[in-house]
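# Attaching a predicted model along with its sequence, questions to come.
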Amino acid sequence: MNREESLRSLRYIKVPEGMRIESEGFRLDENIMLPVQLKTGETRLKADDITLEAIVSGMLTVIAYDENNINASYYKDFVMTVDPTLPENLNKAAIAKEEQKDYEFSEELFLAVYHLLPQTASCINLATLYSSMAVDAEEKGDEEKEDEYLLRAKGTLKDGLRRFGENEDILAELSSFEAFTGNLEEAKDYLDRYMAIASEGAKKQEMKELLHKIEIQLQNDEDIKEAYDFIMLGETGKAIEAAERFINQNPDTWNGYFLKAWALRKEGRYEEARKNLMKCLELGERSADIYNELSISELEIGDRELAKTYLETAADLDPENLTVASNLSYLYLQDGDYDSAREYLEKARYLSGNDEIIKHLIDEYEKKTGEKIGEIIHEEIVHDDHDKEDEDDDAYAAEIAEIEKDGIPEPEECSCHHHHHHEEEL
């Protein structure tokens, strides 16, 4: 049962006559109602259902799911008086249920252990359960649940820090968790805090190695970001240097080669740009951006047909890429292939009928053919954000400044992703 179902399955009774539970630090309080856990499938409490076991079970449900209950502290004292070994036994049962993938029951047991006897180990055990539940949700394709359980795992560990202070075990778990989920700066922060207090040993050495890998990755990310930013600023030489630093550390990762190629192409070094773009393809990356850049380089080198072929490939990979559609319509218009030009003009207009470049190309088409391109009669794509296409991560956020020379117009931006490492092993 989940939290709501478990709490709904409780019934509260007065202290039964003849009940005697006492110890040096605990006395029964007849003014406090006792929760009783209903049997599975039952909706009413029967007299023979009222057992000490059912009362303890009801108290454990409150302790697990309603820690702020006004009587929670009393219930904790009650169950610990009944059985001082209860946390240990519950923990063993929780582990067994987790192994059986009975996650809801395992969660209730781990929560009861953690709230009953808060310790570093019980905190980590609960967080580990949530991580397992997240993996299970991912395997089932339930992204919403996956995110929910990851948040619970992180929240549990952070709660542990609030309870236990700068605890090296919890800091180690938090740093590993953040690294696993791709939040490298947060992972480094927790690792730095861990290193400041951790005792020497195999665990610390392991975490040192993780910290070293994270620092390298953060530097790689900075190199990629710098390369991109320098291209945006027109400082292609610095962009190439930053891209090469990334490539030296990551020779089998396509991002660096793409950014280097982009900067080289901007410098007019088309053969070198093509070589780096082909390296992206060799590494298995296929994207409209790569083929669009290849088309520009091939056009400048002199192979116009290959340039169009690359653009056609880009259009197949990303049918909603405005830059690719406008570049193709431009080339076909220049070549006098008006049927193909109109095909891509229609696509481009469908994607962004208000784009000034597309309007200009339509004017050029109408002048050259004498044909009028009418209003769009099919249903248009509706975006929640009017400027969505300017922020599309899968295409150039590009505009063509002028169409004056016989070449593909220059894009202003590139959608090359900065390096993210969601759930990637470091």
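Sure thing, it's come through.
# what's the nearest residue to residue 158 if we skip its chain neighbours?
In space, and not counting its chain neighbours, residue 158 is closest to residue 174: 7.3 Å by CB to CB, 6 or more residues apart in numbering. Just so you know, the C-beta spots here come from the backbone N, C-alpha and C atoms, and that holds for glycine as well.
# measure the one you found to residue 190 for me?
5 Å (CB to CB, to the nearest Å).
# Distance of residue 298 relative to residue 311?
Taking CB to CB, one finds residue 298 at 10 Å from residue 311.
# So between the two, which is more surrounded?
residue 311 (30 against 23; other CB atoms under 10 Å).
# That one contacts residue 326, correct?
No: the pair residue 311 and residue 326 does not pass the contact test of CB atoms under 8 Å, sitting 10.2 Å apart.
# Could you confirm residue 225 falls within a helix?
Yes: counting by DSSP: H, G, I helix; E, B strand; the rest coil, residue 225 is found in a helix.
# Show the pLDDT at it.
Per-residue confidence (pLDDT) for residue 225: 88.
# do residue 410 as well
42.
# Can you give the domain ranges for the chain?
Listed domain ranges for the chain are 3-166, 300-426 (source: automatic domain parsing).
# mind checking which of those domains is nearest residue 219?
Evaluated over the domains of the chain, closeness to residue 219 peaks at domain 300-426, with 10.8 Å, by CB to CB.
# Next, count neighbours for the closest residue to residue 69 other than its chain neighbours.
Among residues not flanking residue 69 along the chain, residue 62 sits closest, at 5.2 Å (CB to CB, 6+ apart). Neighbourhood size, residue 62 [other CB under 10 Å]: 22.
# what residues are up against residue 62?
7, 10, 35, 69, 71-72, 75 (CB atoms under 8 Å, 6 or more residues apart in numbering).
# In helices, which of these fall?
Among these, the ones falling in helices (DSSP state H) are 7, 72, 75.
# can you tell me which of the residues you listed lies nearest to residue 24?
residue 75 (18.5 Å).
# follow-up on the earlier one: now for the residue nearest to residue 158, which secondary structure element holds it?
Per DSSP states H and E, residue 174 falls inside helix 168-180.
# just how off-centre is whichever helix or strand comes after that helix within its chain?
Once the chain leaves helix 168-180, the next helix or strand it forms, by DSSP H and E, is helix 184-197. Relative to its parent chain, helix 184-197 has a centroid offset of 21 Å by CA atoms, centre = their mean, to the nearest Å.
# so how far is residue 19 from the residue nearest to residue 10 when sequence neighbours are not counted?
Of all residues not flanking residue 10 in the chain, residue 35 sits nearest, at 4.5 Å (CB to CB, 6+ apart). Taking CB to CB as the measure, residue 35 falls 14 Å from residue 19.
# between those two, which one's more packed in?
residue 35 (24 against 13).
# thought that one was touching residue 14?
No: using CB under 8 Å, residue 35 makes no contact with residue 14, being 11.9 Å away.
# circling back: so what's the residue nearest to residue 158 up against?
Per CB under 8 Å, 6+ apart, neighbours of residue 174: 154, 157-158, 161, 190.
# cool, residue 348 as well?
With CB under 8 Å, 6+ apart, residue 348 has these contacts: 322, 325-326, 329, 355, 358, 361.
# And residue 111, what's its pLDDT?
95.
# my guess is it meets residue 64, correct?
Yes: using CB under 8 Å, residue 111 makes contact with residue 64 at a distance of 3.8 Å.
# Once you drop chain neighbours, what's closest to residue 156?
residue 127 (4.2 Å).
# and what of residue 217?
Here the residue nearest residue 217, using CB to CB, 6+ apart, is residue 184, at 5.8 Å.
# That neighbour and residue 253: what is the separation?
15 Å.
# out of these two, which sits in the more crowded spot?
residue 184 (21 against 17).
# quick one, what contacts the more buried one?
178, 214, 217-218, 221, 421.
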